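Novice: Starting from these lines, generate the structure:
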Amino acid sequence: MWHDMFQAGISYGEKTLRTVLVYLALLVLLRVIGKRGLAQLNTFDLVVMLLLSNVVQNAVIGDDNSVTGGLYGALVLLLTDWVLVRQAARWDWFNRLLDGTPTVLARNGAYDRRAIARQGIRVPDLDVAIRHQGGDAVEETALIVLEPGGTLLVKLKDGDQVADKDDVAAIRAALAAIEARLPTAR
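Specialist: Next up is the predicted model:
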């Protein structure tokens, strides 16, 4: 019993190959499903991700249920990820290949329905993102972009943006200048 717990059931070379191949295959599959799958993780997507990990488990571990085999597989997985992330940070073309490029979903107050459909995003989800930025409708947006990591970036038109700390600081400075010009009341 103790022997089986620490004796790998398959060779380390095979385990390395299995782990790297499954990692790369999942990377491609997740890239193909698009950015929406990464950004809008709803209940259905969560179930798919949990089941996906279970489905590919046997492809990674094979007949090996040992502790050392599992730890070795985890190490290979983390090292593979570490190498790819470092290469993506080093080479812009490789980063674009792995992550993709931003997608414009709305411009100048109008949705790009084809881009939205291609990304599998629902317009009500975009409306929520607009409201989170202080807008009321797409007509108030200058740009809505879906970033490669799945983040929605909403830029409101200049007149429709809410004040930020720089705006408040500018108003305070203007008020201080006005107060400085007023005669002091005695």
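Novice: Select the helix or strand of this protein having the lowest average pLDDT value.
Specialist: Taking mean pLDDT, DSSP states H and E as the measure, the helix or strand of the chain with the lowest value is helix 36-39, at a mean of 55.
Novice: show me where this structure has strands.
Specialist: Taking DSSP state E as the criterion, the chain carries its strands at 103-107, 110-111, 141-146, 152-156.
Novice: and these as a markdown table, adding distance to Ala177, mean pLDDT and mean neighbour count?
Specialist: The C-beta positions use only the backbone N, C-alpha and C, and glycine is treated the same way. As requested, the strands of the chain are exported to a markdown table (distance: least, C-beta to C-beta, whole Å; pLDDT from 0 to 100; neighbours: other C-beta atoms under 10 Å):
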| stretch | distance to Ala177 | mean pLDDT | mean neighbour count |
| --- | --- | --- | --- |
| strand 103-107 | 38 | 94 | 19 |
| strand 110-111 | 40 | 95 | 13 |
| strand 141-146 | 30 | 94 | 20 |
| strand 152-156 | 28 | 91 | 18 |
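Novice: Export the ones you listed to a markdown table and append columns for distance to Ala174.
Specialist: A markdown table is the format used below for the strands of the chain (distance: least, C-beta to C-beta, whole Å):
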| stretch | distance to Ala174 |
| --- | --- |
| strand 103-107 | 33 |
| strand 110-111 | 35 |
| strand 141-146 | 25 |
| strand 152-156 | 22 |
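Novice: Quick check: which of the ones you listed is nearest to Ala180?
Specialist: strand 152-156 (33.0 Å; C-beta to C-beta).
Novice: who's in contact with the closest one?
Specialist: Residues from elsewhere that reach strand 152-156 (C-beta atoms under 8 Å, 6 or more residues apart in numbering): 39, 102, 105, 125-126, 129-130, 132-135, 140-147, 162.
Novice: cutoff 6 Å now
Specialist: Contacts of strand 152-156 with the rest of the structure, by C-beta atoms under 6 Å, 6 or more residues apart in numbering, involve Ala129, Ile130, Gln133, Gly135, Glu140, Thr141, Ala142, Leu143, Ile144, Val145, Leu146.
Novice: Taking those, tell me the two that lie furthest apart.
Specialist: Distances among the contacts of strand 152-156 were taken as C-beta to C-beta; the most separated pair is Glu140 and Leu146, at 18.4 Å.
Novice: hmm, back to that, which one of the contacts of strand 152-156 is nearest Leu71?
Specialist: Closest to Leu71, out of all of the contacts of strand 152-156 and judged by C-beta to C-beta, is Leu146, at 37.4 Å.
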